[in-house]
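*Asks:* coords please:
(4 chains)
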Number of protein chains: 2
Amino acid sequence: MAPGKKRPDNMNKPVTIKDLAAILHTTPSTISRALRDKEGVGSEMRNRIKALAKKMDYQPNAVAAGLRKGKSDTIGVIVPRVNRDFFSGVIAGIEEVAYENQYSVIICQTHDQIEREREYVETLLSARVDGILASISLETNNYDHFKKAMKKGIPLIFFDRIPGEMKVSRIEIDDYKGAFRVVQHMIENGYRKIIHFAGPDYLNVYRNRKEGYLAAMQKYGLPVEKEMIIYNNLTLEAGRESMKQLLDNDIVPDALFSASDYAALGALLFMQEKGYHIPGEFGVAGFSNEKFTSYITPPLTTVDQHSREMGRYCTELFLKERSGDKIPPEKIVLSPELLIRQSTQKTDKNFN
Amino acid sequence: MAPGKKRPDNMNKPVTIKDLAAILHTTPSTISRALRDKEGVGSEMRNRIKALAKKMDYQPNAVAAGLRKGKSDTIGVIVPRVNRDFFSGVIAGIEEVAYENQYSVIICQTHDQIEREREYVETLLSARVDGILASISLETNNYDHFKKAMKKGIPLIFFDRIPGEMKVSRIEIDDYKGAFRVVQHMIENGYRKIIHFAGPDYLNVYRNRKEGYLAAMQKYGLPVEKEMIIYNNLTLEAGRESMKQLLDNDIVPDALFSASDYAALGALLFMQEKGYHIPGEFGVAGFSNEKFTSYITPPLTTVDQHSREMGRYCTELFLKERSGDKIPPEKIVLSPELLIRQSTQKTDKNFN
DNA sequence: ATGAAAGCGCTAACAT
DNA sequence: ATGTTAGCGCTTTCAT
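*Replies:* As a prediction, this is how the structure comes out:
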């Protein structure tokens, strides 16, 4: 050692259980047991150990423990984006239950890109997370990366956006029912030519919402022309643009059921600019119950997806699968909640 | 071994570099070098190794590597809540830069509780994260847990909500300037008795917004009575309730500058219900540029905090501090952006 | 270019 | 109640 060094033995390296053991003339195993409140340590010894650990500012090393135990006490969560009310609601729910069970949560945003999704699955597998909770990206139409995770035997649970072809546990809401109810409500309120903004058909949620829409229309004998179903990427801008194109093509519906609140908002704003009265001349309903929907004018009819509960259930599903070897996949379906607001109250005198 | 077992040697244990080494009659060190593209491996050997790794579905174990290297390639992020547009924006920014630099992100929500904040700091230290990015909870008035992290020498960077007394790197927006500008704008638009919804004074952001408010009022010679500054918890409900109490006490201001968009919205809705015209009879401005602010009627004047940029800068600050021993704390101050919308346009004929 | 050896910090099986 | 031993999977000297 060169001269001029500081703190000869108190180098700034973190304290380990070995250090503690040396000081107390005992062994690492005893320290380990004491600190984790395992039995097999005398109460006097236990107290001395805990006191010393505190005094020396001992910091357990979860990485080392993880390596040894073969688990990390960490859950990986994959979502398209964190800044959607729905997803951040789910995350909040996941985090709550995880916290209650001493799990950490690693959050990954795919930005709706399959490539990022792939890389994140790799990262999570490398990190040896104890489970993966995922909602797939808009682009995801191939599931090899998830199948790989399954093959490794790590619990994998999907929520909301779910790969159709995989046999895994899942939790979703009844999108079909939610859509059916919205549209039924609109029809009963006097709307007839109701168009639909849809997402990609290979995503269960959008397919089901579209089916619900179609079923309701059919039940009431209302025709659905091809042009009445518009596929777009469901953003605010897309909603506005789609609406514009419809009018430009002289297609004038009297209502819209959008698979997304954002696209609904875009259309709503556009129609208002064009001078249409909402809900009098044009009714609008969305899906997801984004926070803004209740604050806009008029407040937007939408469907609540119980995001927080979904997150909680999802994590509970994981906890159940965690230990159990080969529990058959479970499926939970939550009931959506129709939130009737002013934007679809064509006939209600109170609103007009 | 009992009979009836399956796959005698191909047990379902994950493949390790040792396994690969045995198969290729070489050693773990060579495998490790090859897989990580370190020099010192013949190109033919390297190819054979990579091919085998792929074929055997080898999954690197980041936990083991982390233990060995003493780092985890993970950043811990602590926020009050993920489902605020501001925080989820910051998270999005953090995640972007982290991803570009092969870092994972662990997200922790304190729910604005100091106790959770403490526990999460512990968790992150145990997990041996390479850095902590944090925005403190509403309750946090003691910083021992963060000081502990600092003492361990792990990079700690605060954003937005910052402990006053600590000498650490930080990134914030100029809340004072933002508030000053809003209030100045309101005064210039003819509002006189402008009240303020404030958060706790020990949080820099709220203190600064209040100071900005006071400075603007003073500059224009407008008196600020004690009753004109209302401390509440800045939720929608609190905003509504505070407004109600003011009116109940016959205090009738002609405008509100709220330190939070949510509280501003609560007050706005309440005043509308009471029949006040906004912005004609009552002006309202908020702070944070939550998404809903531009969709409500009337759209809410507010201040944008450049959340995404803040997240990006914050992570870049971490990257800078990561290796460098004892770089002096840096401080970045972003400029807020005043978003003038209809809710404060008292005198603008276009709006009334 | 490759191999041998050591060890990161912890836990758990097996003694005593 | 405590100690001994072994090893999780990897990276990194240090040899050769």
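*Asks:* ok, now which ones touch residue A:249?
*Replies:* Residue A:249 makes contact with residue A:227, according to Cβ atoms under 8 Å, 6 or more residues apart in numbering or on different chains. Heads up, the C-betas are built off the backbone N, CA and C, glycines and all.
*Asks:* if you set the cut-off to 7 Å instead, what comes out?
*Replies:* Residues near residue A:249 by Cβ atoms under 7 Å, 6 or more residues apart in numbering or on different chains: none.
*Asks:* and what of residue A:81?
*Replies:* Residues near residue A:81 by Cβ under 7 Å, 6+ apart: A:87, A:109, A:111.
*Asks:* which SS state does the first one fall under?
*Replies:* Put simply, residue A:87 is helix when judged by DSSP: H, G, I helix; E, B strand; the rest coil.
*Asks:* show the backbone phi and psi for the closest residue to residue A:239 other than its chain neighbours.
*Replies:* For residue A:239, ignoring the flanking residues on the chain, the nearest one in space by Cβ to Cβ, 6 or more residues apart in numbering or on different chains is residue A:266 at 2.8 Å. Here is the backbone geometry of residue A:266 (degrees, to the nearest 10): phi -60, psi -50.
*Asks:* how many neighbours does residue A:266 have?
*Replies:* Close neighbours of residue A:266, defined as other Cβ atoms under 10 Å in any protein chain shown, add up to 25.
*Asks:* likewise for the one 5 residues further on?
*Replies:* When neighbours are counted by other Cβ under 10 Å, residue A:271 registers 21.
*Asks:* with DNA strand C as the reference, measure out to it.
*Replies:* Distance of residue A:271 to DNA strand C, computed by Cβ to the nearest atom of the strand, to the nearest Å: 61 Å.
*Asks:* what's the neighbour count on residue A:220?
*Replies:* The tally of other residues near residue A:220 (other Cβ under 10 Å) stands at 12.
*Asks:* so it sits right up against residue A:187, yeah?
*Replies:* Yes. Residue A:220 lies in contact with residue A:187 (Cβ atoms under 7 Å); the separation is 5.0 Å.
*Asks:* how does chain A divide into domains?
*Replies:* A:17-60, A:72-173+A:307-333, A:175-305+A:338-344 (automatic domain parsing).
*Asks:* got a list of what residue A:109 touches?
*Replies:* Contact partners of residue A:109, counting by Cβ under 7 Å, 6+ apart, are A:79, A:81-82, B:92, B:95.
*Asks:* follow-up on the earlier one: for DNA strand D, which of the domains of chain A is the nearest?
*Replies:* Taking Cβ to the nearest atom of the strand, domain A:17-60 is the member of those nearest to DNA strand D, at 3.0 Å.
*Asks:* pLDDT of the closest one, averaged?
*Replies:* Averaged across domain A:17-60, pLDDT comes to 95.
*Asks:* what about that domain, how long is it end to end?
*Replies:* Using Cα to Cα, to the nearest Å, the gap from the first to the last residue of domain A:17-60 comes to 8 Å.
*Asks:* quick one: distance of that domain to the chain centre.
*Replies:* 41 Å (Cα atoms, centre = their mean, to the nearest Å).
*Asks:* got it, and stretch A:186-198?
*Replies:* Taking Cα atoms, centre = their mean, one finds the center of stretch A:186-198 at 29 Å from the center of the full chain.
*Asks:* next one: stretch A:184-197
*Replies:* Computed by Cα atoms, centre = their mean, the separation of stretch A:184-197 from the middle of its chain amounts to 29 Å.
*Asks:* buried residues in that stretch?
*Replies:* Buried residues in stretch A:184-197, counted by 16 or more other Cβ atoms under 10 Å in any protein chain shown: A:184-187, A:189, A:191, A:193-197.
*Asks:* perfect, I'm done here.
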